[in-house]
Each structure stands twice: as structure tokens, then as C-alpha cells.
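One predicted model, sequence on top.
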Amino acid sequence: MSPCSAGSAMRNTTRLRGQVCPRTLRVAGFALSTVAACRWAVTTAFLSWRPSAGSLPSARRGVSEVASRHRFIASEAGHIPNYKGDFQPDEEEQLVQQKLRDHQATAPRLDAATEVRTLVEYNHGWGVMSTNSGSMPGYPSGSVVGFAPDEKGRPLMVFSSMSDHTQDLKKDSRCSITIAAKEFKGAADGRANLIGEATPIESEEERKAAREIYLKKHPKAFWIDFGDFTWYRLEVKQVRFVGGFARAGAISGKDWASAQPDPISAFAGGVAAHMNKDHRSSTVAMVRNYVGIDVDDAEIVSVDSLGMFLQVTRTPKDSDQSQQYKIRLPFIRKLNDRKDAHSVIVEMSQASAEFIPEK
């Protein structure tokens, strides 16, 4: 698919969205949030967000408290198979699934703002911006744009005066940008929709700072110094987030500005790639040891300071059909740096050596 056709496809996606302004601007993130919420309605779900150990006074927060800060719809078993209709697994398989649900319900994970801030920080630097179309009033317009977040998580962008989205912003600064996780492959992966107002950066000092930040994310962006390009910054009012099936919510602009990305995730891609290529059997063994279920395969999808998300493949007993879903594998202690990541994974691998599958 060419860049132009890709952009067109993404524009069509944005037309499925709901309103950001009185003229009904829809963007992909909210539509996907609705899908997640529908799945939540038919699964064992509750309003909560799984905090990191000690970060909140209670592991499960009340609806009113969540609504006042991070609104999050979550099912701890959202990625675990749910059997429907006449077919039901045998008693042994039901016990295995319940064991997995119980484990996942207490597995430490990043708080909402940190997880989403991490997603945006370590994204590849491209997203879909939705604006109110100036040429077709009342309709949304979508464009693939480059960005780099500043220290407050505000996307910094540089636009040509000839671009449609630049002309749209001159008439109405209200917009949003939808950003997917770097490892995004489908509905089970995270994405965020940042909603706010994008306005030109007026200060020369701030423009220089924006240029420096942008080039770290896009080192080959030679066009940023062209005379008809203008620096923009999105002042975030709200962030809508979908973390996969049955996990969706919102973060206020104030909380977003104070959130910081997880430091371990900065180099997590290399850790995951190494483990998946050279030590895949050790990951399977760790699932068997620490989660307590038998799996055929386990691929590390992401790594943070509190644990890993894995895509596991498992074939239930007396079945010839395998299942794939995501699970959380917590670390035995919080990671602070690259050295910690190496030592903890080695320690967990060694402790799980007896569970390595036979070849």
C-alpha cells in the first residue's frame, strides 16, 4: 500500500468516529473504545485500574474515585477465552482457566497514566490526526502526521502551510491524534487518542527546543527547516485509551501532564527480541512456574518495570484446537535499570529451569 492510499484508508477510519466538537468529529480511538466496552459487558468485568504495588491504598478502586481521575473499564480476564453456547470445557480445563483468572486479577501492572504515557513516548512517532475539515464543513478529515512528545506528553509537530490539516487548524484548532503502540498488530494491542487544541509555537526558544526533541524521534526529517513549515503543539485536554479487549478508559489533561513514561520500556524492545529469538523455551518455563499453567509457546510482547505481557499459545486437554491470548507475567521485584532487567530475568529463568519443555 502506498503512503497516499494508506493515508486515505486511515482517513476513512476516522469517519467512523464520534464527535470531538459540535460538528461531530469522530476518531478511531473512541470507536475502538466502544468495541472494548461492549466486550466488557459480556465478560466478568468491573470498573477499576490495576495499580502497581503500593501505588494506591487499595488494589480495587471505587467507581467514584476512578471517575474523578482515570476512568477505566477493565476485565482482568479480558484476553482469556470465554466459552459460550452449549459447549463447555471439562472440569479440569475450567479449573485451569479459573487459576489463570485468579493470577491475572492480582498481577501488578503500570497505572493507567504511566502505561499510556509509555505507549506514546516509545511509539514510532506517527499517528492519525483528525481535524474539522475546512473544505467540507461538518466532516472530519484525517491525516498521517509525525510527532514527538515533550516532557509533558504534548505532541510536537511541524506542518507545511500547503497541508490540508494545517489549513483546518488555522480555522479550528480543536483536533485529536490517534497513536498505536509500537508493537500494534490488532484489537488486542494498545492505542490512545489525545484530544485537545493544536496551536503554533510562538516563542523562538520553544521552537528550538521542539526541533531538538523532534529530531531525536525523526533524525532524517530534513524538511523541518523549510521556510513554509510551522511548529505546532497539541495542548492535551483528555486522553482516551484502549488497552486491548475489555480495557478502556480516559485520563484527564492534568493527570496526563504529570505522568511519566516507564524507564524500562525505553530498551524493552531489545530485551523482548533477544528472549523471543534465543530463550523462548525459558519464557514458556516461566509461565509454567510463576503463572501455573501449561502453554505450548510464549512470546514476549512488551516489557516494563513491573513485568511482561506475553502472547501465549495453549492447547486444552482433549482438544485439537489451540488458543492464543495475552497474559501478564509479573517480575519477582521491580526493575530500576537495564542491569536489573538482566538479573531478574536470569534469576526467574533459572528458577524455572525444571519447567522447560522437552524437545
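Ah, there it is. Residues are numbered from 1 along each chain as shown.

for the strand ranked longest in the chain, packing partners?
Determined from DSSP state E, the single longest strand within the chain is strand 229-244. Here strand 229-244 touches helix 28-41, helix 112-121, strand 155-160, strand 191-200, helix 204-217, strand 247-252, helix 253-258, going by 3 or more Cβ pairs under 8 Å, 6 or more residues apart in numbering; DSSP states H and E. Where you see a C-beta, it was placed from the backbone N, CA and C, and this is true even at glycine.

mind showing which ranges of the stretch 1-150 of the chain have poor pLDDT?
For the stretch 1-150 of the chain, the stretches flagged by pLDDT under 70 are 1-88.

ok, back up a step: so which of the helices and strands packed on strand 229-244 gets nearest residue 269?
Minimum separation from residue 269 across these (Cβ to Cβ) falls at helix 112-121, 12.2 Å.

what's the first-to-last distance across stretch 218-233?
16 Å (Cα to Cα, to the nearest Å).

how much distance is there from that stretch to the middle of the chain?
27 Å (Cα atoms, centre = their mean, to the nearest Å).

where does stretch 259-268 sit relative to the chain's centre, distance-wise?
Counting by Cα atoms, centre = their mean, stretch 259-268 comes out at 13 Å from the chain centroid.

got the CA coordinates for that stretch in PDB?
Output of stretch 259-268 as PDB, limited to C-alpha atoms (Å, rounded to 0.1, in the frame of the first residue of the first chain):
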ATOM      1  CA  ALA A 259       2.600  11.300  34.000                       C
ATOM      2  CA  GLN A 260       6.000  10.000  33.100                       C
ATOM      3  CA  PRO A 261       6.900   7.100  30.800                       C
ATOM      4  CA  ASP A 262       8.200   3.800  32.300                       C
ATOM      5  CA  PRO A 263      12.000   3.900  32.000                       C
ATOM      6  CA  ILE A 264      12.400   0.200  31.400                       C
ATOM      7  CA  SER A 265      10.200   0.300  28.300                       C
ATOM      8  CA  ALA A 266      12.900   2.500  26.600                       C
ATOM      9  CA  PHE A 267      15.000  -0.500  25.900                       C
ATOM     10  CA  ALA A 268      12.400  -3.300  26.300                       C
END
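
about what we covered before: would TSV of the helices and strands packed on strand 229-244 with distance to residue 240 be doable?
Listed next are the helices and strands packed on strand 229-244 as TSV, based on distance: least, Cβ to Cβ, whole Å:
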stretch	distance to residue 240
helix 28-41	5
helix 112-121	9
strand 155-160	15
strand 191-200	4
helix 204-217	22
strand 247-252	5
helix 253-258	11
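
Can you lay out these as CSV showing distance to residue 316 and mean neighbour count?
Formatted as CSV, the helices and strands packed on strand 229-244 follow (distance: least, Cβ to Cβ, whole Å; neighbours: other Cβ atoms under 10 Å):
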stretch, distance to residue 316, mean neighbour count
helix 28-41, 21, 19
helix 112-121, 30, 25
strand 155-160, 44, 22
strand 191-200, 30, 22
helix 204-217, 44, 14
strand 247-252, 24, 23
helix 253-258, 41, 16
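
who wins for proximity to residue 102 among those?
strand 247-252 (18.0 Å).

Sheet partners, orientation included, of that closest one?
Note on strand 247-252: by DSSP bridges, its sheet partners are strand 70-74 (antiparallel), strand 229-244 (antiparallel).

Where among these is average confidence lowest?
Averaging pLDDT over each of the strands paired with strand 247-252 singles out strand 70-74 as the lowest, with a mean of 44.

in the next helix or strand after that one, what counts as buried?
Using DSSP states H and E, the helix or strand that follows strand 70-74 in sequence is helix 91-106. Using 16 or more other Cβ atoms under 10 Å as the test for burial, helix 91-106 gives 93, 96-97, 100, 103-105.
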